[in-house]
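S.K.: here is a sequence with its predicted model. Questions after.
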Amino acid sequence: MASSSIKAISPFKASSSPSTQPPSSSKPSLLSFLHTSSSNPISLKLSHSHSHAHNSHSHSFLITNVLKTADSSETSVSKSQNLKPTSSDSTPTILVSEKLGEAGLQVLRGFGNLECAYNLSPEELCAKISTCDALIVRSGTKVTRQVFEAAKGRLKVVGRAGVGIDNVDLQAATEFGCLVVNAPTANTVAAAEHGIALLTAMSRNVAQADASIKAGKWLRNKYVGVSLVGKTLAVMGFGKVGSEVARRAKGLGMNVISHDPYAPADRARAVGVDLVSFEQAIATADFISLHMPLTPATAKVFNDETFAKMKKGVRIINVARGGVIDEDALVRALESGVVAQAALDVFTEEPPPKDSKLVQHENVTLTPHLGASTKEAQEGVAIEIAEAVVGALKGELSATAVNAPMVPPEVLSELSPYVVLAEKLGKLAVQLVAGGNGITSVRVVYKSARDPDDLDTRLLRAMITKGIIEPISASFINLVNADFVAKQKGLRISEERVAVDSSPGFPVDSIQVQIYNVESKFASSVSESGSISIEGKVKYGEPHLTCLGSFGVDVSLEGNLILCRQVDQPGMIGRVGNILGNDNVNVSFMSVGRTVQKKALMAIGVDEEPNKRTLEKIGKVPDIEEFVFLNL
Ligand SMILES: NC(=O)c1ccc[n+]([C@@H]2O[C@H](COP(=O)([O-])OP(=O)(O)OC[C@H]3O[C@@H](n4cnc5c(N)ncnc54)[C@H](O)[C@@H]3O)[C@@H](O)[C@H]2O)c1
Ligand SMILES: O=C(O)[C@H](O)COP(=O)(O)O
């Protein structure tokens, strides 16, 4: 826990007039939130362990921890830079389990040990995964809880080279603190084009007619199609793909409506599309094209009941996910003629069973999940996911994180010193707890001049949680799993913002952490409300403790801390200082706060942990009423 690079801060500096200026911003490091305690400010140690597997694998990366860069200028890590780890020991291993475009593979080779192993059985994947820091998959690899368990804490990032993450157990990833990133944009056009290809091919029986000619037939009367112009297309899910399909269908002269409970109506209107209810969409449409994700809410939404509400002779296109359709119900709807035709790129089970009635149905056109399979899309997706995975391994914040707060880099950069402060305050507060009923209730108060909408506190809350939980449990906490672990431990963290009249140029003026319903081992840390209460600020880019209970203090939160409450009289600092000096304990800073009741609180920063005997001597100094040693 001890910091390897404690910076001595002179008492003079620590107690001089406050400057809440954060350090000059540089690119922040997500892995510092994901995989480290921020105690080592220079060489970022990537260690990853969790309660189930404490045999953590760790890497020392030449990533400079930008959380502490007030005076360093060489810390920015650009996305295009390949910061290769220094030794082969620390080179991350990236497993690619499905075919990925060459351009992406090149990015990965330039960064780590790349292993491409396709068609692994679930057992083979589990056997391999404990030697991998990152795994890149497409839709064909099931990244199950067993995979995360088998990773034994080493797997840090799962990259989904595509959009749909329904093949990744996100809950398990989150519990294991593994970041999941996807590549959400590069295959949008490909999927939309495939949707249109299926729409047009189906309406003109292209696949069936092609097969019949190859079978030696010439069936001009059988394969009379239907026209698209003037027909109504319902786009179910007006996201990236759905809106591109809508745009293209408008170009074909179709009347396009859409159902999407979460899409803004003005975005649809801009494309000339009306957003309508689910019932209205399915009841009015001649063609229904599916573009929603597979979630518990969308699973089998197309079923006997909903097919029954459709216009007789409706045609259905699915390039989203097979699971949104009850496939047996679709077969029944095809047989009854409610659905005239279906064109499917995706299936509940992939590949679908050969003897499936759906696959064999004459009015069904099939492709083997080819929506994203254009050369252009595959190159794009490969680069997008490779950069996201490399970026995450380097410690950058990923813009496509699926199970962690996506905080824009500029916000992260601004918050970096406050993130360090938040973790330190959590760590400090929890060490003041003597006992009670377990920590269940924590309140965090952010004093800020900013508008509440202009202050994203998710990172700060996650780091306070990390600071509180890590010292008291075997759990590995990071940005990904902080909320989950807190909930699991019954810890409720409420947040409050207090407007203050300071400079809105800084996101936060101070952060206060209060722990309720516990006893404190240092009574002076208890505020009038009965909670352990500490408050801190960022000064000169460094985290400072500025208030403890009702005492104002001003000490840098570095290294180790001795807090003493004493009678406010001359000579106290000297007496304690002498004990430390005689026992070879170097004092790095000191600050004294006093109350009107002739009480003083002395906070002493020490480079190393004093031994038990030294601490006992401090405890015996007359007029020292209580003291506590805290490791930060
Ligand atoms: N076949 C392929 O190869 C292929 C390629 C790309 C994407 N996809 C799939 O296409 C789908 C859409 O991808 P995208 O990139 O457009 O995703 P997206 O997140 O941009 O869009 C999904 C949209 O669905 C909406 N939605 C959510 N629940 C809904 C519901 N109950 N009813 C209606 N709409 C709902 C969302 O609000 C969102 O606007 C996903 O399932 C994805 O996996 C398939
Ligand atoms: O969700 C997606 O991105 C598509 O379904 C593509 O999947 P694929 O990468 O397996 O082609």
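M.R.: It's in. Numbering: from 1, shown residues only. Ligands and ions are numbered 1, 2, ... in the order given.
S.K.: chain center to the lengthiest strand in the chain: distance?
M.R.: Across the chain, the longest stretch assigned as strand under DSSP state E is strand 433-448. Offset of strand 433-448 from its chain centre (CA atoms, centre = their mean, to the nearest Å): 24 Å.
S.K.: what pLDDT, on average, does the helix or strand following it get?
M.R.: Of the helices and strands lying after strand 433-448 in sequence (DSSP states H and E), the nearest is helix 458-469. Helix 458-469 shows a mean pLDDT of 89.
S.K.: report all helices and strands that the helix or strand hosting residue 580 contacts.
M.R.: In the assignment (DSSP H and E), residue 580 maps to helix 572-582. Judged by 3 or more CB pairs under 8 Å, 6 or more residues apart in numbering; DSSP states H and E, helix 572-582 is in contact with strand 560-567, strand 587-594, strand 599-606, helix 612-620. All C-beta spots, glycine's among them, are computed from the backbone N, C-alpha and C.
S.K.: 10 Å instead, please
M.R.: Contacts defined by 3 or more CB pairs under 10 Å, 6 or more residues apart in numbering; DSSP states H and E place helix 572-582 against strand 560-567, strand 587-594, strand 599-606, helix 612-620, strand 624-631.
S.K.: any chance of those in CSV, with mean pLDDT and distance to residue 206 too?
M.R.: Shown next, in CSV, are the helices and strands packed on helix 572-582 (pLDDT from 0 to 100; distance: least, CB to CB, whole Å):
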stretch, mean pLDDT, distance to residue 206
strand 560-567, 88, 74
strand 587-594, 82, 77
strand 599-606, 87, 76
helix 612-620, 90, 83
strand 624-631, 90, 71
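S.K.: can you tell me which of the ones you listed is nearest to ligand 1?
M.R.: For those, proximity to ligand 1 was assessed by CB to the nearest ligand atom; strand 624-631 is nearest, at 45.1 Å.
S.K.: domains for the protein, by residue range?
M.R.: Under the assignment the TED database, the domains of the chain span 93-182+378-394, 188-366, 409-631.
S.K.: of the helices and strands packed on helix 572-582, which is nearest residue 466?
M.R.: Of all those, it is strand 624-631 that lies closest to residue 466, at 15.6 Å by CB to CB.
S.K.: helices or strands up against the closest one?
M.R.: Going by 3+ CB pairs under 10 Å, 6+ apart, strand 624-631 lies up against helix 409-431, strand 560-567, helix 572-582, strand 599-606, helix 612-620.
S.K.: nearest to ligand 2, out of these?
M.R.: Short answer: helix 409-431, nearest of these by CB to the nearest ligand atom, at 24.6 Å.
S.K.: any buried residues in the closest one, and which?
M.R.: Across helix 409-431, burial judged by 16 or more other CB atoms under 10 Å covers 411-431.
S.K.: same for that helix, what does it pack against?
M.R.: Contacts defined by 3+ CB pairs under 10 Å, 6+ apart place helix 409-431 against helix 30-34, strand 433-448, helix 458-469, strand 510-520, strand 532-539, strand 542-548, strand 560-567, strand 624-631.
S.K.: what do you get if the cut-off is 6 Å, keeping everything else the same?
M.R.: helix 458-469, strand 510-520, strand 532-539, strand 542-548 (3 or more CB pairs under 6 Å, 6 or more residues apart in numbering; DSSP states H and E).
S.K.: export these as JSON lines, with columns for distance to residue 345 and mean neighbour count.
M.R.: Formatted as JSON lines, the helices and strands packed on helix 409-431 follow (distance: least, CB to CB, whole Å; neighbours: other CB atoms under 10 Å):
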{"stretch": "helix 458-469", "distance to residue 345": "36", "mean neighbour count": "25"}
{"stretch": "strand 510-520", "distance to residue 345": "50", "mean neighbour count": "21"}
{"stretch": "strand 532-539", "distance to residue 345": "52", "mean neighbour count": "25"}
{"stretch": "strand 542-548", "distance to residue 345": "52", "mean neighbour count": "24"}
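S.K.: now tabulate these in JSON lines and tack on distance to residue 176.
M.R.: Below are the helices and strands packed on helix 409-431 laid out as JSON lines (distance: least, CB to CB, whole Å):
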{"stretch": "helix 458-469", "distance to residue 176": "15"}
{"stretch": "strand 510-520", "distance to residue 176": "27"}
{"stretch": "strand 532-539", "distance to residue 176": "31"}
{"stretch": "strand 542-548", "distance to residue 176": "29"}
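S.K.: what about the stretch 301-450 of the chain, any weak spots by pLDDT?
M.R.: Residue ranges of the stretch 301-450 of the chain with pLDDT under 70: 397, 405-409, 435-437.
S.K.: what about the nearest residue to residue 322 once chain neighbours are set aside, distance to residue 139?
M.R.: Spatially, and ignoring its direct neighbours in sequence, residue 322 is nearest to residue 347 (3.8 Å; CB to CB, 6 or more residues apart in numbering). Using CB to CB, to the nearest Å, residue 347 is found at 11 Å from residue 139.
S.K.: residues from this protein in reach of ligand 1?
M.R.: Selection of the chain residues close to ligand 1 by CB under 6 Å from any ligand atom yields 163-164, 184, 187-188, 191, 236-242, 259-263, 291-294, 297-298, 319-321, 345-346, 369, 371-372.
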